[in-house]
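Asks: Could you look at this predicted model? Sequence included:
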Amino acid sequence: MWMSPVKNQSWVSEFILLGFSSDPTSNRILFVAFLLLYLCSVLGNGLIVTLICLDPHLHTPMYFFLCILSLLDMSYVTTTMPQMLVHLLAHSQTISFAGCWLQMYMFSVLGLAESILFVVMAYDRYVAICSPLRYTVILSWSLCRRLAAGAWACGFFFSLIHTFFTMRLPYCGPNVVNHYFCEGPAVRSLACMDTHLIEIVDLVISVLMVAAPLSLILASYIRIARAIVKIKSLKGRCKAFSTCASHLTVVSLFYAPATYIYMRPNSSYSPEQDKQVSLFYNVFTALLNPVVYSLRNKDIKGAFLKVMGRCRVAW
């Protein structure tokens with residue numbers, strides 16, 4: 001059988017996460033840097049969620065999905081960063097087998113849900129530009145809620161498959177994971193048996209949850225580009241392009257490293273390089289998303305100024 005029985009998992013009861021450095025001085029510097037990145041990510045995304053909830057003008061499908069994206073990003077970065085910050089200062093860098101399982105599962109849930117949400121956001125832009133007069137009819141609040149729930153459901157279901165098969169592999173030692181969190185390929189490289197079949201399972205899931213959504217996004221934007229070209233007004237073209245540019249930017253930041261990590265064979269696994277790549281799509285994407293959306297969005301800026309104005313009046 002290609003999977004071990006559950007009892008074989010007792011061979012390894014915990015994992016050791018190497019992180020980025022073993023030098024205490026370097027770790028203290030990294031702690032300050034990553035703490036600032038984490039706080040900026042949480043505060044930036046939290047600000048977007050707050051503004052969208054407080055400003056009635058932002059209660060539209062577009063900002064509803066942006067609010068969910070910010071919530072996903074906050075949760076996404078919180079699954080890995082707090083533990084990494086603790087490990088940078090602590091003498092012990094261990095994580096229990098159950099803790100590793102849970103972290104891997106939640107990280108995968110949030111990542112896959114975000115992947116599907118990007119498709120939903122591309123569909124939102126497609127309807128807004130290609131069928132503006134029917135926008136509110138097509139994207140009713142009922143449909144928006146179902147699409148958001150569907151993104152979460154896909155994340156929970158497919159992540160369960162991925163995590164179950166990975167953690168059912170026999171781990172008999174060593175238990176040192178050359179990573180800063182329990183990412184699937186990094187943990188799977190420690191298995192005491194051939195992982196060819198689990199790689200095939202992961203590839204199928206990656207095609208369904210990464211390649212397929214990316215193809216749908218590209219198809220949507222090809223149609224959007226055709227619609228923008230037909231707009232006669234230069235101002236109208238610029239406005240239509242601006243609403244799509246932010247989404248295309250964050251899609252590129254998310255899918256490029258995710259495709260590299262999850263759509264390749266285990267034989268090409270490179271610990272040091274993979275740590276840097278996963279850091280980019282785990283931490284920096286969550287940090288840059290609110291910056292990209294707020295800098296290019298007049299509605300978000302306007303909502304921020306309104307809130308600041310109310311705060312001054314209150315004081």
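Replies: The structure has been received and is ready for your questions.

Asks: How much space separates the closest residue to residue 75 other than its chain neighbours from residue 206?
Replies: Excluding the flanking residues, the one nearest residue 75 by CB to CB, 6 or more residues apart in numbering is residue 110, at 5.4 Å. Where you see a C-beta, it was placed from the backbone N, CA and C, and this is true even at glycine. According to CB to CB, to the nearest Å, residue 110 and residue 206 sit 16 Å apart.

Asks: before we move on, what about residue 187?
Replies: Residue 187 is 16 Å from residue 206, where distance means CB to CB.

Asks: Now do the helix or strand residue 146 falls within: distance to the chain's middle.
Replies: Here residue 146 is covered by helix 141-167, with elements defined by DSSP states H and E. Mean-position distance between helix 141-167 and its chain equals 13 Å (CA atoms, centre = their mean, to the nearest Å).

Asks: Could you name the helices and strands sitting against it?
Replies: Under the contact criterion of 3 or more CB pairs under 8 Å, 6 or more residues apart in numbering; DSSP states H and E, helix 141-167 touches helix 61-78, helix 97-130, helix 184-188, helix 196-206.

Asks: Would you mind giving those as TSV with distance to residue 137, mean neighbour count and mean pLDDT added?
Replies: Shown next, in TSV, are those (distance: least, CB to CB, whole Å; neighbours: other CB atoms under 10 Å; pLDDT from 0 to 100):
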stretch	distance to residue 137	mean neighbour count	mean pLDDT
helix 61-78	11	22	92
helix 97-130	10	21	91
helix 184-188	41	22	84
helix 196-206	35	16	81
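
Asks: Output those as JSON lines; include the columns distance to residue 15.
Replies: Formatted as JSON lines, these follow (distance: least, CB to CB, whole Å):
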{"stretch": "helix 61-78", "distance to residue 15": "20"}
{"stretch": "helix 97-130", "distance to residue 15": "5"}
{"stretch": "helix 184-188", "distance to residue 15": "7"}
{"stretch": "helix 196-206", "distance to residue 15": "17"}
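
Asks: What's the local residue count around residue 252?
Replies: Residue 252 is flanked by 11 other residues according to other CB atoms under 10 Å.

Asks: Just to be sure, residue 15 is in a strand?
Replies: Yes - the assignment for residue 15 is a strand, going by DSSP: H, G, I helix; E, B strand; the rest coil.

Asks: okay, how far is it across stretch 185-204, tip to tip?
Replies: With CA to CA, to the nearest Å as the measure, the ends of stretch 185-204 fall 15 Å from one another.

Asks: Distance from the chain centre to it, please.
Replies: On the basis of CA atoms, centre = their mean, stretch 185-204 sits 22 Å off its chain's mean C-alpha point.

Asks: which residues touch it?
Replies: Identification of contacts with stretch 185-204 by CB atoms under 8 Å, 6 or more residues apart in numbering yields 2, 4, 11-12, 15, 100, 104, 161-162, 165-167, 169-179, 184, 261-263, 265-266, 269, 271, 274.

Asks: So among the residues you listed, which ones count as buried?
Replies: Among the contacts of stretch 185-204, those buried by neighbour count (16 or more other CB atoms under 10 Å) are 4, 12, 15, 100, 104, 162, 165-167, 169-171, 175, 177-179, 184, 261-262, 266, 274.

Asks: give the contact list for the residue nearest to residue 75.
Replies: Contacts for residue 110 were tallied using CB under 8 Å, 6+ apart; they are 72, 75-76, 79, 155.

Asks: 6 Å instead?
Replies: Residues in contact with residue 110, defined by CB atoms under 6 Å, 6 or more residues apart in numbering, are 72, 75-76.

Asks: how about the residue nearest to residue 216 when sequence neighbours are not counted, what does it touch?
Replies: Leaving aside its sequence neighbours, residue 216 sits nearest to residue 119 (CB to CB, 6+ apart; 5.0 Å). Listed by CB under 6 Å, 6+ apart, the contact partners of residue 119 are 213, 216-217.

Asks: Residue 119 and residue 220: what is the separation?
Replies: Relative to residue 220, residue 119 is positioned 8 Å away (CB to CB).

Asks: Next up, identify which helix or strand residue 190 is on.
Replies: Under the criterion DSSP H and E, no helix or strand holds residue 190.

Asks: What backbone torsions are found at it?
Replies: Backbone torsions for residue 190, taken as degrees, to the nearest 10, come to phi -90, psi 0.

Asks: number of nearby residues for it?
Replies: 19.

Asks: and stretch 178-195, how far apart are its ends?
Replies: End-to-end for stretch 178-195, by CA to CA: 18 Å.

Asks: How about stretch 90-100?
Replies: With CA to CA as the measure, stretch 90-100 spans 18 Å from end to end.

Asks: Pull the distance from it to the chain's centre.
Replies: Offset of stretch 90-100 from its chain centre (CA atoms, centre = their mean): 23 Å.

Asks: For residue 282, which residues are in contact?
Replies: So residue 282 contacts residue 80 (CB under 6 Å, 6+ apart).

Asks: nope, residue 253 is what I was after
Replies: residue 285.

Asks: Using neighbour counts, pick out the buried residues of the strand or helix carrying it.
Replies: Element membership of residue 253, judged by DSSP H and E, is helix 234-262. Residues of helix 234-262 classed as buried: 240, 243-244, 246-251, 253-255, 257-258, 260-262 (neighbour count, 16+ other CB under 10 Å).

Asks: Understood, closing this out.
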